[in-house]
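# pasting the sequence and the predicted model now:
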Amino acid sequence: MVDYEQLHLYSPVISDDILESVFDEALRSLVKKEPRPEIDARFYPYAGLSSTIRLRNGRVHARVSDILVGSPRDVLFALACILVAKLYRLKTPKVHERTYRQHTLDPSVLDASHDTRRKRGYKLTTSSRGQVYDLAELFKELNGRYFAGKLEQPLLSWSQRRTRRVLGHHDHVHRAIVISSTLDNPRIPRLVVEYVLYHEMLHVKHPLRVMSGRTIYHGRAFREEERRFERFEEALKWLEKIASPVRSKIRRRRRLF
Ligand SMILES: [Zn+2]
């Protein structure tokens with residue numbers, strides 16, 4: 001089983017499910033009058049920590065900055081309550097404001113926010129050639145090996161910061177693949193960089209689809225094709241090694257809330 005959390009900041013499909021259940025709970029706790037509207041809640045790649053909510057055709061549409069993906073559930077719940085209260089012109093319970101503010105003032109969250117802003121704002125200034133690996137060269141090779149050379153090359157770039165939580169990212173809006181500089185290291189085998197890049201290349205080949213209001217990032221065809229990567233299992237073991245120190249840090253931080 002592929003651990004998508006290591007490839008991206010999150011697995012969007014699972015994250016959106018969690019977000020929807022959180023908003024549903026917030027709506028139930030704040031709005032007593034029935035029937036309550038249906039919820040469509042999704043993470044969205046805003047440049048900063050923005051979140052929006054609106055009511056349209058009897059449905060509540062909420063968009064939450066994807067910087068908050070992977071945040072503790074109580075933080076997401078606090079934000080959902082703040083947004084629902086705003087929508088219904090209710091007074092926001094102070095405890096939710098405090099929980100949300102405390103979390104967003106956490107330096108690591110602010111970091112992620114600034115990083116995202118920078119990454120999304122200045123994408124074109126970075127290069128595909130790293131200290132160790134050249135993404136353009138790897139792309140060409142993988143394109144020939146797995147895509148019969150037919151995949152159109154997007155913008156390829158190393159991330160400006162060494163982030164371990166996001167090892168790769170495909171930005172379909174800017175048609176770009178960004179790979180974490182953590183992987184541009186002689187101690188990281190070429191195989192690992194190839195695998196992460198291959199995964200992002202599959203995102204170019206299988207664009208995201210919206211099915212009954214849901215965004216599908218890793219559909220069945222995507223997952224099947226991903227398994228065609230030679231030494232797939234070996235690559236995954238490496239990813240686990242690279243991502244694990246971060247995992248324990250996240251767990252520690254969660255306990256604080
Ligand atoms: Zn992916």
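Perfect, thanks for sending it. Remember, predicted model here, so these are calculated numbers, not experimental data. Numbers count the residues shown, from 1 in each chain.
# got the buried residues for stretch 135-143?
Residues of stretch 135-143 classed as buried by neighbour count (16 or more other Cβ atoms under 10 Å): 135, 138, 139, 142, 143. In this view, the C-beta of every residue, glycine as well, is placed from N, C-alpha and C.
# closest to residue 52 out of those?
Nearest to residue 52 among those is residue 135, at 33.9 Å by Cβ to Cβ.
# ok, that closest one to residue 197 distance?
7 Å (Cβ to Cβ, to the nearest Å).
# now residue 67
The gap separating residue 67 from residue 197 is 24 Å, by Cβ to Cβ.
# of those two, who's got more company?
A side-by-side neighbour count of residue 67 and residue 197, using other Cβ atoms under 10 Å, places residue 67 first with 26 against 22.
# tell me the domain ranges of this structure?
Annotated domains of the chain cover 13-118, 122-255 [automatic domain parsing].
# in what helix or strand does residue 54 lie?
Per DSSP states H and E, residue 54 falls inside strand 51-56.
# strands of the protein, residue ranges please.
For the chain, applying DSSP state E gives strands covering 38-44, 51-56, 59-65, 155-158, 168-171, 176-179, 209-211, 214-216.
# so which elements touch the fourth one?
Counting contacts by 3 or more Cβ pairs under 8 Å, 6 or more residues apart in numbering; DSSP states H and E, strand 155-158 packs against helix 135-147, strand 176-179.
# mind listing the strands that strand pairs with, and their directions?
Counting by DSSP bridges, the strands paired with strand 155-158 are strand 176-179 (parallel).
# quick one: low-confidence parts of the stretch 151-257 of the chain?
Residues of the stretch 151-257 of the chain that meet the criterion pLDDT under 70 lie in 161-166, 172-174, 243-257.
# one more pass at 50, please.
For the stretch 151-257 of the chain, the stretches with pLDDT under 50 are 246-257.
# what score does the residue lying closest to residue 214 once chain neighbours are set aside have for pLDDT?
The shortest distance from residue 214 to any non-neighbouring residue, by Cβ to Cβ, 6 or more residues apart in numbering, is to residue 16 (6.9 Å). Looking at residue 16, its pLDDT is 72.
# touching, residue 16 and residue 42? I think so.
Yes. Counting by Cβ atoms under 8 Å, residue 16 does reach residue 42; the two are 5.0 Å apart.
# list residues touching both of these two?
By Cβ atoms under 8 Å, 6 or more residues apart in numbering, residue 16 and residue 42 have these common neighbours: residue 215.
# looking at those two, which has the bigger crowd around it?
The neighbour count for residue 16 versus residue 42, taken as other Cβ under 10 Å, is higher for residue 16 (22 against 17).
# residues contacting that one?
By Cβ under 8 Å, 6+ apart, the contact list for residue 16 reads 41, 42, 43, 214, 215.
# could I get the contacting residues of residue 213?
residue 40.
# measure it to residue 197 for me?
Separation of residue 213 from residue 197 (Cβ to Cβ): 31 Å.
# residue 130 too?
Residue 130 sits at a distance of 12 Å from residue 197 (criterion: Cβ to Cβ).
# repeat for residue 43
Relative to residue 197, and taking Cβ to Cβ, residue 43 is found at 24 Å.
# kindly report the same for residue 230.
Using Cβ to Cβ, residue 230 is found at 14 Å from residue 197.
# can you check residue 141 too?
Using Cβ to Cβ, residue 141 is found at 10 Å from residue 197.
# can you give me the helices in the stretch 151-257 of the chain?
With DSSP state H, counting those that start in this stretch as the criterion, the stretch 151-257 of the chain has helices at 190-205, 220-226, 232-255.
# for the second one, packing partners?
Yep, that's helix 220-226 we're talking about. With contacts defined as 3+ Cβ pairs under 8 Å, 6+ apart, the packing partners of helix 220-226 are helix 190-205.
# next, the angle helix 135-147 makes with the helix it packs on.
Calculated by axes from the mean of the first three to the mean of the last three Cα atoms, to 10 degrees, helix 190-205 forms an angle of 70 degrees with helix 135-147.
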